[in-house]
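Peer 1: Turn this into a structure:
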Amino acid sequence: MAKRILSVSYDPPLLKSRELVLRQAGYEVVSATSLAEVAAACTHSDFDFAVIGHSIPRQHQEEIAAKLRERCPMACIVGLQLLVSEQLPFADLTVSSHDPAGLVEQLQRFKPRPGKTGRG
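Peer 2: Predicted coordinates:
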């Protein structure tokens, strides 16, 4: 079964291009452009990963991450940054937003932390 990803961004063109890259890599992708869409998606489905885009202001990223931890506790939260100089505090994994192939590679190599087994 393909891994499922919830991709979140305030920038529709970036969201669409990320969705295409992830689908080509074999992932099932649901896209969201707001906290309300994130909550609705988590109500109807489980996700292995939730990718939070760099176009979202940090405070909103943290709100989205908190909602994800509440509604989709098994999802690995991936924070995208323009420059990856440090781990984002709300994210399980921080990846450069400028490297789509690197994002796919990181997702494929990611091992969940103990007690967070994911769906598969």
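Peer 1: going forward, measure contacts between C-alpha atoms and count neighbours the same way
Peer 2: OK.
Peer 1: Three-state assignment for Pro89, please.
Peer 2: coil (DSSP: H, G, I helix; E, B strand; the rest coil).
Peer 1: A helix includes Leu14, no?
Peer 2: Yes: under three-state DSSP, Leu14 falls within a helix.
Peer 1: Residue ranges in the protein under the pLDDT threshold?
Peer 2: Applying pLDDT under 70 to the chain flags the ranges 1, 112-120.
Peer 1: So which residue is dead centre in it?
Peer 2: By Cα atoms, centre = their mean, the chain has its centre lying nearest to Val51, at 1.3 Å.
Peer 1: Can you give the contact residues for the helix or strand hosting Val104?
Peer 2: Per DSSP states H and E, Val104 falls inside helix 100-109. Residues from elsewhere that reach helix 100-109 (Cα atoms under 8 Å, 6 or more residues apart in numbering): Arg18, Val21, Leu22, Ala25, Val95, Ser96, Ser97.
Peer 1: If you rank the residues you listed by neighbours, which is first?
Peer 2: Per-residue neighbour counts (other Cα atoms under 10 Å) across these peak at Val95, which has 27 neighbours.
Peer 1: In three-state terms, how would the nearest residue to that residue once chain neighbours are set aside be classified?
Peer 2: Nearest non-adjacent residue to Val95, counting by Cα to Cα, 6 or more residues apart in numbering: Leu80, 5.1 Å away. Taking three-state DSSP as the rule, one finds Leu80 in the strand state.
Peer 1: From Pro100, how far out is Leu80?
Peer 2: 10 Å (Cα to Cα, to the nearest Å).
Peer 1: Compare these two and say which is more crowded by neighbours.
Peer 2: Leu80 (25 against 15).
Peer 1: wait, what's in contact with the more buried one?
Peer 2: Counting by Cα under 8 Å, 6+ apart, Leu80 touches Val51, Ile52, Gly53, His54, Thr94, Val95, Ser96, Ser97.
Peer 1: Which strand or helix spans the closest residue to Leu35 other than its chain neighbours?
Peer 2: In this structure, Leu35 finds its nearest non-sequential neighbour in Ile64, 6.0 Å apart by Cα to Cα, 6+ apart. Applying DSSP H and E as the criterion places Ile64 in helix 58-71.
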